[in-house]
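In: Here is a sequence together with a model predicted from it:
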Amino acid sequence: MFALLQKLGHFIITFFQRLGRGHVFLLQVFASCGSLLVRPGLLVKQMYSVGVQTLIIVVVAGLFVGMVLALQSYYALVDFGAEDSVGVMVALSLVRELGPVVTALLFAGRAGSALTAEIGLMKATEQLSGMEMMAVNPLQRVIAPRFLAGVISMPMLGIIFCAVGIIGAYFVAVILLGLDYGSFWSQAQAKVDLYHDIYNGILKSFVFGVIASWIAVFEGYDCIPTSEGLGQATTRTVVHSSLAVLFLDFVLTAIMFSK
Amino acid sequence: MSNNSGSDILVTITDLSFSRGEHKIFDGLTMEIPRKGITAIMGPSGTGKTTLLKLIGGQLTPDAGLIEVDGLNVHQLSSVELFKLRKRMGMLFQSGALLTDLTVFENVAYPLREHTRLSQPMIHELVLMKLNAVGLRGAAQLMPAELSGGMARRVAMARAIALDPMMIMYDEPFTGQDPISMGVLVRLIGELNSALDVCSIVVSHDVPETLSIADYIYLISDGKVVDKGTPEAMSKSQSAWTRQFIEALPDGPVPFHYPAPPLMDDLYQMKGLE
């Protein structure tokens, strides 16, 4: 019993210590972002690696999610003679929820884990220590560009996911199932609001970008520099980012779309 | 803050204590490292030699005690002042710590690009000179993954001297090297120290190589300096620590057995468990 309490206490203390370290780290990263004004090349390089290289998986996933959504919506709505609403249903689902959330989950799995592994390996091979000893702050040169690249890339990837998803839905609904071209687009245009739906979706993506990038760079920077520690850190990045995104999605949806 | 930048002593360590968790690594360590020449810090594995370099470089903070480099108390400096001091220090890590996404040339150019406003042709010239000094001018366009361990350390050496530092710290430079690479590194450390006329601190447990180049040696064990002197004096030292270390004796002040209860106690305990 005493041992159990001891373990519980140790777990709680460790959890809050990490949480505290993580928040201090985030503040330090924010403070380091200014240095990228002098070296924008570092940011561009990371945007290619974090954003552009995640593009393929986002486009493919977006296309199939849109196509499946169109099919399911059609099967559900056709019984009520409301199949013309497929366009608006897909567009709203993608823009409000699936676009930001699925993009963030894909980002955590593809780019987040890669960021953690890269930074963790730099730590294990003493590259970060080496930079410190060369009087170069690794937060400015390594962490801040990767963090900011993630934050900027995520909304862009989210927008692309939604756009490709709607095109996929159009292909299934109009070309394969023969729905009316005009009603597909006009209903979607009429019901999707720029501020309420699209801007809120982009805001969600931005918040998820901050959270997923923060978790990824922190896990890499804070990992135990061994092969086992690195493996655990990479796993934690994917699990924690995914859970954080899903939880925050609920909170943001409750705030943004409450009536 | 005192500043003894004119003194013959570059690094002063006074009553240094440092622990990792429950494990005490240094307990009242005191040493002085001269401004010129090669000072070796030797000792068995796990005595905290690398930790000592990280303490001198301000990457770790001691529990107690004082470390002064060129008259500056390393652990009282602001981060800006510490970075300024580090520009005058070079460090060769055991693994080389080369940036894996940059070529050999770019690795050596890295500190120059970060801390100077030299023109591109000037940087090019300087980097090639540094690489030539370590015999790797021809490897300038290779990536770190294409280098052997010994070559990586030579590149790291070229990078460490890129900003013409006042001191160079070498962390286990000979570990895991074949005889040829080891010979090259021994010669390079000696030659660079003479050519640049700097303070070199070599942390190592490779006895013959270190004795051949060091001007002064500190032997540390159990968190303290257990012996010190010139290589000749250390060779003749009657200290049990020094004899065990230099003659590679399996048992002595550094015991063969890790501290444990008597064997019979452990065996009986196992029987009890069964």
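Out: Received it, and whenever you're ready, just let me know what you need. The structure displayed is predicted, hence computed values, not measured ones.
In: Residue B:12: which element?
Out: Per DSSP states H and E, residue B:12 falls inside strand B:9-20.
In: what angle do the helix or strand just after that strand and strand B:9-20 make?
Out: The element immediately downstream of strand B:9-20 (helix or strand, assigned by DSSP H and E) is strand B:23-34. Going by axes from the mean of the first three to the mean of the last three C-alpha atoms, to 10 degrees, strand B:23-34 is angled at 180 degrees with respect to strand B:9-20.
In: ok and the helix or strand just after strand B:23-34 relative to strand B:23-34, angle-wise?
Out: Note on strand B:23-34: by DSSP H and E, the next helix or strand toward the C-terminus is strand B:37-42. Computed with the same axes, to 10 degrees, the direction of strand B:37-42 lies at 160 degrees from that of strand B:23-34.
In: The helix or strand just after strand B:37-42: which residues count as buried?
Out: Using DSSP H and E, the helix or strand that follows strand B:37-42 in sequence is helix B:49-56. Within helix B:49-56, the residues scored as buried using 16 or more other C-beta atoms under 10 Å in any protein chain shown are B:49-56. Bear in mind the C-beta positions are built from the backbone N, C-alpha and C, glycine included.
In: Looking at helix B:49-56 now, give me its mean pLDDT.
Out: Per-residue pLDDT over helix B:49-56 has a mean of 92.
In: so what does the following helix or strand past it touch, helix or strand wise?
Out: Next helix or strand after helix B:49-56 toward the C-terminus (DSSP H and E): strand B:64-69. Helices and strands touching strand B:64-69, by 3 or more C-beta pairs under 8 Å, 6 or more residues apart in numbering or on different chains; DSSP states H and E, are strand B:9-20, strand B:23-34, helix B:49-56.
In: How far off centre is the helix or strand just after strand B:64-69?
Out: Using DSSP H and E, the helix or strand that follows strand B:64-69 in sequence is strand B:72-73. Offset of strand B:72-73 from its chain centre (C-alpha atoms, centre = their mean, to the nearest Å): 19 Å.
In: which strands and helices sit next to strand B:72-73?
Out: By 3+ C-beta pairs under 8 Å, 6+ apart, strand B:72-73 packs against no helix or strand.
In: what lines up beside that strand in the sheet?
Out: Counting by DSSP bridges, the strands paired with strand B:72-73 are strand B:64-69 (antiparallel).
In: one step back: would you mind checking the average pLDDT for the strand holding residue B:12?
Out: For strand B:9-20, the per-residue pLDDT averages 93.
In: Then stretch A:128-146?
Out: pLDDT averaged over stretch A:128-146 gives 94.
In: wait, what's in contact with the residue of the stretch 1-150 of chain A found nearest chain B?
Out: Distance from chain B to each residue of the stretch 1-150 of chain A (C-beta to the nearest C-beta) is smallest for residue A:130, at 3.3 Å. The neighbours of residue A:130, taking C-beta atoms under 8 Å, 6 or more residues apart in numbering or on different chains as the test, are B:91, B:93, B:97-99, B:156.
In: Please convert the residues you listed to TSV, extending it with pLDDT and secondary structure.
Out: TSV is the format used below for the contacts of residue A:130 (pLDDT from 0 to 100; DSSP: H, G, I helix; E, B strand; the rest coil):
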residue	pLDDT	secondary structure
B:91	92	strand
B:93	90	coil
B:97	90	coil
B:98	94	coil
B:99	93	coil
B:156	92	helix
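In: is chain A contacted by stretch B:83-96?
Out: Yes. Contact of stretch B:83-96 with chain A (C-beta under 8 Å from any C-beta of the partner chain) involves B:83-84, B:86-87, B:89, B:91, B:93-95.
In: got the CA coordinates for stretch A:25-38 in CSV?
Out: What follows is stretch A:25-38, C-alpha atoms only, in CSV (Å, rounded to 0.1, in the frame of the first residue of the first chain):
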residue,chain,number,x,y,z
PHE,A,25,10.7,25.6,-22.7
LEU,A,26,7.8,27.0,-24.7
LEU,A,27,8.4,30.5,-23.3
GLN,A,28,12.1,30.2,-24.2
VAL,A,29,11.2,29.0,-27.7
PHE,A,30,8.8,32.0,-28.2
ALA,A,31,11.7,34.3,-27.0
SER,A,32,14.0,32.6,-29.5
CYS,A,33,11.7,33.0,-32.5
GLY,A,34,12.8,36.6,-33.0
SER,A,35,16.3,35.4,-34.2
LEU,A,36,14.6,33.9,-37.3
LEU,A,37,14.1,37.4,-38.6
VAL,A,38,17.9,37.5,-39.1
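In: Identify each buried residue in that stretch, please.
Out: Buried residues in stretch A:25-38 (16+ other C-beta under 10 Å): A:25, A:29, A:32-33, A:36.
In: Which ones among these map onto helices?
Out: With DSSP state H as the criterion, helices contain A:25, A:29, A:32 from among the buried residues of stretch A:25-38.
In: check contacts around the second one.
Out: Going by C-beta under 8 Å, 6+ apart, residue A:29 touches A:139, A:143-144, A:147, A:214, A:217.
In: Equivalent analysis for the first one, please.
Out: Neighbour list for residue A:25: A:218, A:221-222 [criterion: C-beta under 8 Å, 6+ apart].
In: Can you show me the strands along the stretch 151-259 of chain A?
Out: Assigned strands in the stretch 151-259 of chain A: none (criterion: DSSP state E, counting those that start in this stretch).
In: In the stretch 1-150 of chain B, which residue sits closest to chain A?
Out: residue B:97 (3.3 Å).
In: any idea how far that residue is from residue A:45?
Out: Per C-beta to C-beta, to the nearest Å, residue B:97 is found 21 Å from residue A:45.
In: Next: residue A:147.
Out: For residue A:147 relative to residue A:45 (C-beta to C-beta), the value is 14 Å.
In: Compare those two (neighbour count), which wins?
Out: Each of residue A:147 and residue A:45 has its neighbours counted (other C-beta atoms under 10 Å in any protein chain shown); residue A:147 has more, 29 against 15.
In: name the element that one belongs to?
Out: Per DSSP H and E: helix A:144-170 holds residue A:147.
In: name the helices or strands packed onto that helix?
Out: helix A:2-32, helix A:40-50, helix A:55-78, helix A:86-92, helix A:99-107, helix A:113-124, helix A:200-222.
In: can you put these in CSV and add mean pLDDT?
Out: Below are the helices and strands packed on helix A:144-170 laid out as CSV (pLDDT from 0 to 100):
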stretch, mean pLDDT
helix A:2-32, 93
helix A:40-50, 93
helix A:55-78, 94
helix A:86-92, 92
helix A:99-107, 96
helix A:113-124, 95
helix A:200-222, 96
